[in-house]
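Student: attaching a predicted model along with its sequence, questions to come.
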Amino acid sequence: MLAEKIYLSFYIQVLIIIAFYILITGSYSGELHSFLLDISIFEVLILMIYSILSFVLLYYVYKIMVKKKLTLKSYKFRFNIKKFANFYFILLIISFIFMLSTGVGVVLSHATSPYSVIFNLFNVSVLFPIFYFLLRKSEDINIKYFWTIVIVFILYKLLQGWSGIIFTIFIFEVYFYYKDRYINKIKQIVIILLLPLIFILVGAKVYQEIYPIKNEIRGLGYHEIDYSNGLVKLVNRLTYFSISVGAYSKIDEIKEFYKKENIVLKESIGTFRPITPRFIMENKEFRSLNNNVLQPFFNDITPYTSSDIGIIMYAVNLFNASLLDGIVWIIILIIILFSSKFVYDNLSQYNGQFNFLFFILILKICTTASPEIIVGYYFFGILYFIPVLFILGILKLKIRKQIAN
């Protein structure tokens, strides 16, 4: 589990960096950079410790859950790797053309299309991790073909205005590099501590170069930044901590904004908003808790944006706003954990193939905590593809005894 520990170390390090930035400057960072810190140093340190402990706790949840496979006893899913690669490449090209011709999917774009619902349901980005882990080491596909698809996908995400795909690829490659290598404990400790730090320092330089290009794509103009700004902006993109501190300082105001819309189980209902057509869910305009946390700072903020606040402050604010919502939220998280483990285990072509993706999902629960974001944008979108893959003969269900023979 070396890759998991490296990834965990990375998240903890960026959180600590921002925590000390806040303490040294006396102001928030990221989205809240124009606001001065209005809680004590002690409170910031306590929030930092609780946030780190939440990462560690969920890491042990992961270790416990991966010990047990949740699979169908008599049946096994089998992918036709070549067909899957061709299907994904075609879907990617179609999505690319749709994005270029309509502007739908580009960050800060308000473009719409009657076909948007189709591309939202069959989101090529949701399927990318499955594609990567199925094909990266597969002998059934030409490696040059694989990297061609990956490069096209990276270009697709960059033209949308998202540079985070570079970090995603880096983390995936770290996993595959260390997956089958034996490394003694002392070297493991050094790697766990230093590799994330090196990535942060090098990544800041890369982000410095990418930032003006990304902003120009988003229609915000071309503005260069220096290395220190690149470092701060990069780290802010990778941690929720500043928003979490802000959410702590505005608990009572967030409660008022949450209750203002007077919708029972609002967060629970929002879970299905990204994956439910409008003719079924007519009212999709209500604000999520991740949006409410920004309202005390920005009175005119649009309801169509949100920010991660971490599982600790998400739970504190949700239970403070509605005890019933908080209880149902815990139940939904448990369902998400076990159902995602079930899907990943059954889609795996060999034992533990998608364990790292399950770990990433658990970290997303720790950083985002919002079921709406997790369900709609990070995992359950995969489920829409499964019937299509069966119809096209890309995915088949076989009896385990037949596979063994």
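Tutor: That came in fine, so what should we check first?

Student: switch to C-alpha atoms for all contacts and neighbour counts from now on
Tutor: Will do.

Student: quick one: residue 22 and residue 205, what's the gap?
Tutor: Separation of residue 22 from residue 205 (C-alpha to C-alpha, to the nearest Å): 22 Å.

Student: quick one, which of these two is more surrounded?
Tutor: More neighbours surround residue 22 than the other of residue 22 and residue 205, with 21 against 18 (other C-alpha atoms under 10 Å).

Student: helices or strands next to the helix or strand hosting that one in the packing?
Tutor: Residue 22 is part of helix 2-25, with elements assigned from DSSP states H and E. Other elements packing on helix 2-25 under the criterion 3 or more C-alpha pairs under 8 Å, 6 or more residues apart in numbering; DSSP states H and E are helix 41-65, helix 164-178, helix 185-217, helix 227-238, helix 241-249.

Student: poorly predicted segments of the stretch 251-400 of the chain, please.
Tutor: Filtered on pLDDT under 70, the stretch 251-400 of the chain yields the residue ranges 275, 277, 376-379, 400.

Student: 90 instead?
Tutor: 261-287, 299-307, 368, 371-384, 397-400 (pLDDT under 90).

Student: tell me where it has helices.
Tutor: Secondary structure of the stretch 251-400 of the chain (DSSP state H, counting those that start in this stretch): helices at 251-260, 266-270, 289-292, 310-321, 323-347, 355-367, 371-373, 382-391, 400-404.

Student: most tightly surrounded among these?
Tutor: Among these, helix 289-292 has the highest mean neighbour count (mean count of other C-alpha atoms under 10 Å), at a mean of 24.

Student: which other residues reach it?
Tutor: 254, 257-258, 267, 303-309, 314, 318, 370 (C-alpha atoms under 8 Å, 6 or more residues apart in numbering).

Student: one step back: deepest of the helices and strands packed on helix 2-25, which one?
Tutor: Highest mean neighbour count among the helices and strands packed on helix 2-25 (mean count of other C-alpha under 10 Å): helix 241-249, a mean of 24.

Student: give the other helices and strands that that one contacts.
Tutor: helix 2-25, helix 41-65, helix 310-321.

Student: now with 6 Å?
Tutor: Using 3 or more C-alpha pairs under 6 Å, 6 or more residues apart in numbering; DSSP states H and E, no helix or strand is in contact with helix 241-249.

Student: report the angle between that helix and helix 355-367.
Tutor: Helix 241-249 runs at 40 degrees relative to helix 355-367, counting by axes from the mean of the first three to the mean of the last three C-alpha atoms, to 10 degrees.

Student: can you check what angle separates helix 241-249 from helix 310-321?
Tutor: Computed by the same axes, to 10 degrees, the angle separating helix 241-249 from helix 310-321 equals 20 degrees.

Student: okay, the angle between helix 241-249 and helix 41-65?
Tutor: 110 degrees.
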